[in-house]
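Asker: Have a look; sequence and predicted model below, questions after that.
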Amino acid sequence: MLDVPVVSDTVEQLQINGLVPFRKAIAANIDAIMVGGCAMSSLGTKVMHACLSEAVVDKLLRQDLAFDGVVVSECLEMEALHENIGVGQATVMALCAGCDVIIVCRSLSFQMEALNGLQTAVESGIISKEAITAAAGRVNKMKDNCTTWAQALNPMGTDYLSILEPAHKDLSRKAYLASITVVRDQANIIPLSTSLGYEDEILLLSPLVKPLPASRLAIAEMLAATAPKEKEIKRETSPTAATPIEPKTNGASFPAPEKDRAVMTGEAVFRELGRSLARENSGRVLHTSYTANGIRPVHENLIERASVIVIITADANRNRYQYGFTKHVAMICSTPTDGFPRGKPVIVISVSSPYDFAMDRGISTYICTYDFTETAIDVLVKVLYGKEVAGGVLPGTIFKSQKQQQPRQHWLVENWNKSRDLGSLQALLLLARSGMDVTDPHNELLMLPAIAYNLEEDDNADYPIEQVNFVVRNSSTRALYGFCSTFFNRRTGLGSIGLILVDPTRRNLSIGHSLHNRAVRHLLQKPGIKKLSIGARLPGLLTGVPIRSGMNTNILTLATSGPNAGKQLKDWFRNM
């Protein structure tokens, strides 16, 4: 299961559709653009957040689209990001990619982690002070262009909202109508006004979701929660109790009496959709919810009774029970019955991610609304009954992406801290050993504990060898993603990168590249440096390096002898 949505279009295809509104907004001198929480697999980046990608922010947005305003990151507190990368790491990546404003919404500890990561990156030269000054300059320019303290402290008042509301509602309806997408309608079910008979019933099946924060239902629930309670009425609820909604009578729609209904928490979110369908439909509309418990007998009874089944999904890619439930209902409805020789029509409506069933042609009628506000639901019903024509298209066409060069990611490289990182290095070593045969006597070096990797400080000031170690870590979880040790011989002027170790599950993310660059910068700054080398005469481990067995020992060493040893190592590093 993916943590974030993936846009797989190539840049060329995005230029034709997805980037058009951004290009027009930039031409209209928009002040700021947020780079959202999605990945672009066609660009080759394996860091699944576009705001951390230099290929997206700097090359695509800054250079190709010529945007010189403020670039805002997504919130770095989202679980998929801080668990996999860390807020400190993500802050550095976002700034290196070209973001000007880094969002860390709620947690003070995460905000301090972001500031500490930024400070470390500036002190180590990963981010220049000039880059920060340029970002701050763009933010200050936006502030100067947008408002003044006099305007901000003297708003126009709530009465002004009554002037704005009609125009905003009209714009909202137009936006929803232009975005709602009929992805497929192979059976020509839409419009329902022509495909349904006078007495045909519609069954609405919806998942239990929370209302959107700005919806009337959410506001009503908030007010009800804070209002004084006279008497609490206890009502038994059931996830399979149907709410019958009667057809219109003299222009009005009447729900069933309260004693016949049992509305669960979350079910009321789509109750207005059922009412809107009932106002348009001459027959009955039945509405019930579904949960992870799957299809229940009452679902089967209602499916057998209805003429058309409408299923709502909300992020079925994340909530897999929705996917399984929808496929099960579609399979039941595909069986021919009396009066339905081709099976019963099923309409699946995705109200969140558009990709729930985008590629599944087993769902013959599939519609995407992208959210479930009151306005979106109202426009959706008009589309279903043919009163309006949806003008939306999917935000990305899914196809096999072209192979492109892997863009580099800028990881924050920190100095080794023994008390903080020793345990994490031990865990990293265990990961490196997991794919190796530890019973092989030639792998004895891999069984050494982390403390054995020459990590102790030497108190002898005359000792010529100076060792400095670097790490790439998740500052949120403290997991170590990479480790590098360097050695400098003050007598000979030789600097060596003795060890680069990367978490095997995070290869090809530029972690080793960032460690290597930091190590080289460190060694080149040493006074008296004459030569750099990869590898050291000290025992070292680098997963994947060509190795040989010691002549009279059971220790594996780097392949640094033999007629082709030098070429073998150079070829290996060049290929990596």
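Answerer: Arrived safely.
Asker: Give me the buried positions along whichever strand or helix holds Ala134.
Answerer: For Ala134, the host element (DSSP states H and E) is helix 129-146. With burial defined by 16 or more other Cβ atoms under 10 Å, the residues of helix 129-146 counted as buried are Ala131, Ala135, Arg138, Val139, Met142. Every residue, glycine included, has its C-beta placed from N, CA and C.
Asker: is it possible to export those residues to TSV including distance to Ala114 and pLDDT?
Answerer: Below are these laid out as TSV (distance: Cβ to Cβ, whole Å; pLDDT from 0 to 100):
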residue	distance to Ala114	pLDDT
Ala131	16	91
Ala135	14	94
Arg138	19	94
Val139	16	94
Met142	21	92
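Asker: quick one on the thing from earlier: list the buried ones in the helix or strand following the helix holding Ala134?
Answerer: The C-terminal neighbour of helix 129-146 among helices and strands, as given by DSSP H and E, is helix 149-152. For helix 149-152, a neighbour-count test (16+ other Cβ under 10 Å) marks nothing as buried.
Asker: same check, this time on stretch 49-64
Answerer: 49-62.
Asker: now that stretch, how far from the centre of its chain.
Answerer: 16 Å (Cα atoms, centre = their mean, to the nearest Å).
Asker: ok, back up a step: so which of the buried residues of stretch 49-64 are in helices?
Answerer: Glu54 (DSSP state H).
Asker: hang on, Ile500 in a strand?
Answerer: Yes - with DSSP: H, G, I helix; E, B strand; the rest coil as the criterion, Ile500 is located in a strand.
Asker: From the buried residues of stretch 49-64, pick the one nearest Arg342.
Answerer: Of all those, Arg342 sits closest to Ala50, with 43.0 Å by Cβ to Cβ.
Asker: per-residue pLDDT, the closest residue to that closest one other than its chain neighbours?
Answerer: Spatial nearest neighbour of Ala50, chain neighbours left out: Val56 (4.5 Å); criterion: Cβ to Cβ, 6 or more residues apart in numbering. On pLDDT, Val56 comes in at 88.
Asker: And for Pro539?
Answerer: 44.
Asker: hang on, the earlier thing: want to throw the buried residues of stretch 49-64 into a markdown table with distance to Leu384?
Answerer: Below are the buried residues of stretch 49-64 laid out as a markdown table (distance: Cβ to Cβ, whole Å):
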| residue | distance to Leu384 |
| --- | --- |
| His49 | 36 |
| Ala50 | 33 |
| Cys51 | 36 |
| Leu52 | 40 |
| Ser53 | 39 |
| Glu54 | 44 |
| Ala55 | 40 |
| Val56 | 36 |
| Val57 | 39 |
| Asp58 | 43 |
| Lys59 | 42 |
| Leu60 | 37 |
| Leu61 | 37 |
| Arg62 | 42 |
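Asker: What is the most widely separated pair among the buried residues of stretch 49-64?
Answerer: Most distant of those, by Cβ to Cβ, are His49 and Arg62, 17.3 Å apart.
Asker: Going by residue numbers, what spans are helices in the stretch 1-150 of the chain?
Answerer: Ranges of helices within the stretch 1-150 of the chain are 11-16, 20-27, 54, 79-84, 87-97, 108-123, 129-146, 149-152, based on DSSP state H, counting those that start in this stretch.
Asker: of all those helices, which lies closest to Ser514?
Answerer: Of the helices of the stretch 1-150 of the chain, nearest to Ser514 by Cβ to Cβ is helix 87-97, at 9.8 Å.
Asker: now the closest one: mean pLDDT?
Answerer: Here the average pLDDT along helix 87-97 is 91.
Asker: Can you tell me which helices and strands that helix packs against?
Answerer: Identification of packing neighbours for helix 87-97 by 3 or more Cβ pairs under 8 Å, 6 or more residues apart in numbering; DSSP states H and E yields helix 79-84, strand 101-103, helix 108-123, helix 129-146.
Asker: For Ser334, find the nearest of those.
Answerer: helix 79-84 (35.5 Å).
Asker: unless I'm mixing things up, Thr120 is touching Asn417, no?
Answerer: No - with contact defined as Cβ atoms under 8 Å, Thr120 and Asn417 do not form a contacting pair (11.5 Å).
Asker: what about those two, which has more around it?
Answerer: Thr120 (19 against 12; other Cβ atoms under 10 Å).
Asker: Which pLDDT value goes with the more buried one?
Answerer: So Thr120 comes in at 92 (pLDDT).
Asker: who touches it in this structure?
Answerer: Neighbouring residues of Thr120 by Cβ atoms under 8 Å, 6 or more residues apart in numbering: Gly88, Leu412, Glu414.
Asker: what does Leu118 give?
Answerer: Contacts of Leu118 by Cβ under 8 Å, 6+ apart are Thr91, Val92, Leu95, Ile127.
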